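My questions concern the predicted model and sequence given below.
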There are 2 protein chains.
Amino acid sequence: MVVFAAQGDPRRTMALLWRGPDAAQARPGPRPTLSVAAIIEAAVAVADAEGMAGLSMRAVGEALGRTAMALYTYVADKAELLDLMYDHVHGELVADALDDWRAGVTAWAWERWEFYLRHPWVLHVSMARPVLGPKELDSAERLLRVLRPAGLPAPVVVGVMSELTYLVQGAAAVVNDSRRAARETGQSDEEWWYARSAELIEVAPGFGERYPLLTWVQSNKEINESEPYMEQEARVSFEVGLGVLLDGIAVRAN
Amino acid sequence: MVVFAAQGDPRRTMALLWRGPDAAQARPGPRPTLSVAAIIEAAVAVADAEGMAGLSMRAVGEALGRTAMALYTYVADKAELLDLMYDHVHGELVADALDDWRAGVTAWAWERWEFYLRHPWVLHVSMARPVLGPKELDSAERLLRVLRPAGLPAPVVVGVMSELTYLVQGAAAVVNDSRRAARETGQSDEEWWYARSAELIEVAPGFGERYPLLTWVQSNKEINESEPYMEQEARVSFEVGLGVLLDGIAVRAN
DNA sequence: ACCATCTCCTTATAGCGTAAAGTGACCGGG
DNA sequence: CCCGGTCACTTTACGCTATAAGGAGATGGT
């Protein structure tokens, strides 16, 4: 369900992204009862609540008391709407440079973490054809400002920027997917894991001999029962991974 | 389009994964003309060629000269088929420990890179409810063997393992998505980028002043015309990111 | 007042996973 | 040797998706 930038009329989409909707001048025909902004807001609400799979033109229209087709007066198609949604929510991101690049990168990473948990559908928008809206570009520029105090050369900065993004997105995706799985199947992480490991032992006897290292890392985990299993797993991996990555950056800093 | 493990009868799926199909004993009724193995093979071929979005029960059935419904004699549903496909292709992965952990991790990473470019649909299978098939677990155990010579404590190993996976998957996803976009839109990376940057300049004058750091990193790129733009971008980011991460691991090694 | 124009609706199409029911081939027991 | 139970496979159908096409009705400029 990865989706690309609108292909119908990129110029139109870019104008909507950068100039906002055209000023309403008096014209024949009934007065519009919706607006691009209202549609974006409703669509974000639907996507936040129902996920990317639940984001349908019908659902957005219904949230606004209209039919699906009514939306096509305001946006070219679903891909354009998604571009607008994507750039819109990037306005929530504000992390900027701190004197200490390490503190700055850490703050940036946690802001992103929260952001992707708040808007899981954003992870399903492809980065292969970036939207290039103002809010997305603003947030990219700010990440570069955050990294600047480390004094890395340009090619390394680009690589590190991508890597940080992949790390947060990958870990956040695990949390999002496990929450969705728990909701859709009615089975919590713990219930799922308990059932699966029982089956695994049954069907694969001699697990400990065949997988000594998996058994080793698994047995060395401290489990906090107050947090769903996969969420804790992903969050701790994120923290550790971020620390290792920061150490790697430090090697090349200054 | 992220998909989870089969939920209908996990025990059945686990048996298929670990024991293979049951031995065929003579029974009334017409002889089967298909097999789970043949269906998996055909489904992988369809998914490799058409992507996750093109993987439909109808398409797989057609590839085998049958209807979609014929498959349901062999697999419980599409989710179970996907689990079987997922574990099956993990049999292609063979990277194992080398004396030098750095060389070992590098070899592992590039094997994964090629793997995800060969099977783009694998990136759309969620890690929140792992399949837990033998081939997937074998490859996880081997990654742990690759990392062992670095002598990291167990919690760090888990974090690093996830981080390496997120890095390869994230970068490979960009390549896969850009190839798919080029195929579906008939517009190469270069054509797309050229058109979009022209629109960007038109709609956002003063780009250089508003985005000095983006302008800086962009102008410091060497572009090799023989490789599609986004692919080169992703591959170079992957190389650089991997190097930085290895440096970070080295800080904690021994 | 009229008409061009615009918003919004209804209808229709092709494709998805899969439930339900029908067809006919095959094997073991009488 | 044939018959009844069983199984492979097909057809049909349902509700879901994005969106093309065309119609209804409201509005502002002339």
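Sure, I can see it.

drop to CA atoms for contacts and neighbour counts, all remaining ones
Will do.

Could you chop chain A up by domain?
A:10-89, A:99-252 (automatic domain parsing).

can you put the ones you listed in JSON lines and add distance to DNA strand C, mean pLDDT and mean neighbour count?
JSON lines is the format used below for these (distance: least, CA to the nearest atom of the strand, whole Å; pLDDT from 0 to 100; neighbours: other CA atoms under 10 Å in any protein chain shown):
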{"stretch": "domain A:10-89", "distance to DNA strand C": "3", "mean pLDDT": "91", "mean neighbour count": "16"}
{"stretch": "domain A:99-252", "distance to DNA strand C": "13", "mean pLDDT": "94", "mean neighbour count": "18"}
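
can you put those in CSV and add distance to B:Ser226?
As requested, the domains of chain A are exported to CSV (distance: least, CA to CA, whole Å):
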stretch, distance to B:Ser226
domain A:10-89, 26
domain A:99-252, 18
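
what's the residue in the stretch 101-250 of chain A positioned nearest to DNA strand D sitting at in phi/psi?
Taking CA to the nearest atom of the strand, DNA strand D has its nearest neighbour within the stretch 101-250 of chain A at A:Trp121, 13.5 Å off. Backbone torsions of A:Trp121, given as degrees, to the nearest 10, read phi -60, psi -20.

Would you check how far apart A:Gly20 and chain B are?
11 Å (CA to the nearest CA, to the nearest Å).

what's near enough to touch that residue?
For A:Gly20, the contact set (CA atoms under 8 Å, 6 or more residues apart in numbering or on different chains) is empty.

again, only using 10 Å
Neighbour list for A:Gly20: A:13-14, A:36-37 [criterion: CA atoms under 10 Å, 6 or more residues apart in numbering or on different chains].

could the residues you listed go into CSV alongside distance to A:Ala181?
Below are the contacts of A:Gly20 laid out as CSV (distance: CA to CA, whole Å):
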residue, distance to A:Ala181
A:Thr13, 34
A:Met14, 36
A:Val36, 32
A:Ala37, 31
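
Now A:Ala43: closest residue in space, sequence neighbours ignored.
Nearest in space to A:Ala43, with sequence neighbours left out and distances taken as CA to CA, 6 or more residues apart in numbering or on different chains, is A:Val60 at 5.4 Å.

Over to the closest residue to chain B within the stretch 51-200 of chain A: give its phi and psi.
Closest to chain B within the stretch 51-200 of chain A is A:Gly159: 4.0 Å, counting by CA to the nearest CA. Main-chain dihedrals, A:Gly159, degrees, to the nearest 10: phi -60, psi -40.

Please look at it and B:Gly170 and confirm they touch.
No: applying CA atoms under 10 Å as the test, A:Gly159 and B:Gly170 come out as separate, 11.9 Å apart.

Quick check: neighbours shared by these two?
Joint contacts of A:Gly159 and B:Gly170 (CA under 10 Å, 6+ apart) are A:165, B:234, B:238.

out of these, which one sits closest to A:Asp9?
Within those, proximity to A:Asp9 (CA to CA) peaks at B:Ala234, which comes in at 26.4 Å.

can you pull the contacts of the closest one?
A:128, A:158-159, A:162, B:168, B:170-175, B:240.

Which stretches in chain A count as strands?
Assigned strands in chain A: none (criterion: DSSP state E).

Identify the residue of the stretch 151-254 of chain A closest to chain B, quick one.
Closest point on the stretch 151-254 of chain A to chain B, by CA to the nearest CA, is A:Gly248, at 3.6 Å.

Now for the contacts of A:Gly20: which two are most distant?
For these, the farthest-apart pair by CA to CA is A:Met14 and A:Ala37; their separation is 15.1 Å.

Looks like A:Ala107 contacts A:Val146 (just checking).
Yes: contact status for A:Ala107 versus A:Val146: in contact at 9.4 Å, counting by CA under 10 Å.

re the thing from before, reformat the contacts of A:Gly20 into TSV and put distance to chain B next to each item.
Listed next are the contacts of A:Gly20 as TSV, based on distance: CA to the nearest CA, whole Å:
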residue	distance to chain B
A:Thr13	10
A:Met14	7
A:Val36	19
A:Ala37	19
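
wait, what's in contact with A:Arg11?
A:Arg11 makes contact with A:17, B:195-196, B:198-200, B:202-203 under the criterion CA under 10 Å, 6+ apart.

Nearest residue to A:Ala158 in space, please, no chain neighbours.
Just so we're on the same page, residue A:158 is Val rather than Ala. B:Ser237 (6.6 Å).

what sits against A:Gln218?
A:Gln218 sits next to A:212, B:154-155, B:158 when contact means CA under 10 Å, 6+ apart.

do the same with A:Leu117
Contacts for A:Leu117 were tallied using CA under 10 Å, 6+ apart; they are A:48, A:123, A:169, A:172-173, A:175-176, A:179.

thought A:Phe115 was touching A:Ala95?
No: assessed by CA under 10 Å, A:Phe115 is found out of contact with A:Ala95, at 11.4 Å.

Now for these two: what residues contact both?
With CA under 10 Å, 6+ apart, A:Phe115 and A:Ala95 have common neighbours A:Ala109.

picking that back up, in helices, which of the contacts of A:Arg11 fall?
A:17, B:195-196, B:198-200, B:202-203 (DSSP state H).

from the residues you listed, which is closest to B:Glu225?
B:Ala195 (17.0 Å).

does the closest one really touch A:Met14, like I thought?
No: under the criterion of CA under 10 Å, B:Ala195 is not in contact with A:Met14, lying 11.4 Å apart.

hmm, which two among the contacts of A:Arg11 are most spread apart?
Pairwise distances across the contacts of A:Arg11 (CA to CA) peak at 16.0 Å, for the pair A:Leu17 and B:Ala195.
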